[in-house]
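1. below are the sequence and a predicted model; questions follow.
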Amino acid sequence: MRTKAVNEVTMDFPSQSRNESFARSAAACFAAQMDPTLNELEDIKTAVSEAVTNAIVHGYPDAIGGVTLKLRVLAGNVLELTVKDHGRGIPDVDKARQPMFTTGGEERSGMGFTIMESFMDKVTVRSAVNKGTTVVMRKKLVPRVKK
Amino acid sequence: MEILAKSADRNLLLELSGELDHHGARTALREMEEALDAALPRKLVLDLSGVTFMDSSGIAVILRARQKMQLLDGGLLVRGVPPQARRVLEAAGVNRLVTIK
């Protein structure tokens, strides 16, 4: 079910590896309105980096395609991050989420989903072969007590 | 991503700085392999003090270093790990495979 957003932004960019840095910085800038701690900001940047890298490396292994990053603030100080590609898709999502599993060769560690799961509260992956992959991540930011 | 290599007495120190993501890890892997092949060290130290961001791409670099040093029958030490990179390494359990100071 779609939850109503308090605020949201969507951006599209080509699957060039230089955009990994852009995507995580953009997510951190957007999250700044939620008064995050430094650790929370780093968690958000790391999870976005993993999801966007997956789209670039596995969605479009031999071509440049479009990647969409959608950032939403939901009620209850929850940040939702969606990374979507229209690339090759993942044949077996459960297998892909297992630690150390990778089809990316020795450049990759196979720990991307493990990191996303560790740094976010919830990670949902939908994928269809030759249609693309959508990763939705949610994290509740702890409201800080104002002194 | 930049790597500064210092080699003495078959000890190789690689100081990594910048963002160690997928984009930067390609450079890091290539330069690390070149430095290892040139020095054939007994001990490799990876100093991450200058790393401003690291994701699982950095894990691939560290695991590659571990594999290379095992082939050379040498040791590997990872030091100066900033807090964000440390949390990534711990989430992946790399701290159980590699000596991190």
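-> Sure thing, it's come through. Numbering: from 1, shown residues only, chains lettered A, B, ... in the order given.

2. can you pull out the residues in contact with the lengthiest helix in chain B?
-> The residue-count maximum for a helix in chain B (DSSP state H) belongs to helix B:22-39. For helix B:22-39, contacts defined as CB atoms under 8 Å, 6 or more residues apart in numbering or on different chains pick out A:17-18, A:20-21, A:49, A:53, A:56-57, A:106-107, B:1, B:3, B:5, B:7, B:10, B:12, B:14, B:16, B:18, B:20, B:44, B:55, B:57-58, B:60-61, B:64-65, B:68, B:72. Bear in mind the C-beta positions are built from the backbone N, C-alpha and C, glycine included.

3. in it, what counts as buried?
-> For helix B:22-39, burial by neighbour count (16 or more other CB atoms under 10 Å in any protein chain shown) applies to B:22-25, B:28-29, B:31-32, B:35-36, B:39.

4. and it, how far out from the chain's middle?
-> Computed by CA atoms, centre = their mean, to the nearest Å, the chain-centroid distance of helix B:22-39 equals 9 Å.

5. same deal with stretch A:96-115?
-> 15 Å.

6. ok so, going back, wait, which of the buried residues of helix B:22-39 is closest to A:M116?
-> Ranked by distance to A:M116 (CB to CB), the buried residues of helix B:22-39 are led by B:H22 at 14.2 Å.

7. what packs against the longest helix seen in chain A?
-> Once chain A is assigned using DSSP H, the helix that runs over the most residues is helix A:38-54. Here helix A:38-54 touches helix A:19-31, strand A:66-74, strand A:78-85, helix A:112-119, strand A:132-140, strand B:43-54, helix B:56-71, helix B:83-92, going by 3 or more CB pairs under 8 Å, 6 or more residues apart in numbering or on different chains; DSSP states H and E.

8. wait, which of the ones you listed is closest to A:Q98?
-> Judging the helices and strands packed on helix A:38-54 by CB to CB, what sits closest to A:Q98 is helix A:112-119, at 7.9 Å.

9. next one: that closest one to chain centre, how far?
-> Distance, stretch centre to chain centre, for helix A:112-119: 10 Å (CA atoms, centre = their mean).

10. off-centre distance for the helix or strand that that helix is followed by?
-> Going down the chain from helix A:112-119, the next helix or strand is strand A:122-128, by DSSP states H and E. Strand A:122-128 has its C-alpha centroid displaced from the chain centroid by 10 Å (CA atoms, centre = their mean).

11. for A:L71, which non-adjacent residue is spatially closest?
-> In space, A:L71 comes closest to A:F30 once its chain neighbours are excluded; the distance is 4.5 Å by CB to CB, 6 or more residues apart in numbering or on different chains.

12. how many neighbours does the one you found have?
-> Around A:F30 there are 20 other residues, counting by other CB atoms under 10 Å in any protein chain shown.

13. from B:G50, how far off is it?
-> Counting by CB to CB, to the nearest Å, the gap from A:F30 to B:G50 is 27 Å.

14. B:A92 now?
-> Distance of B:A92 to B:G50, given as CB to CB: 21 Å.

15. ok, A:E50 next?
-> Distance, A:E50 to B:G50, using CB to CB: 22 Å.
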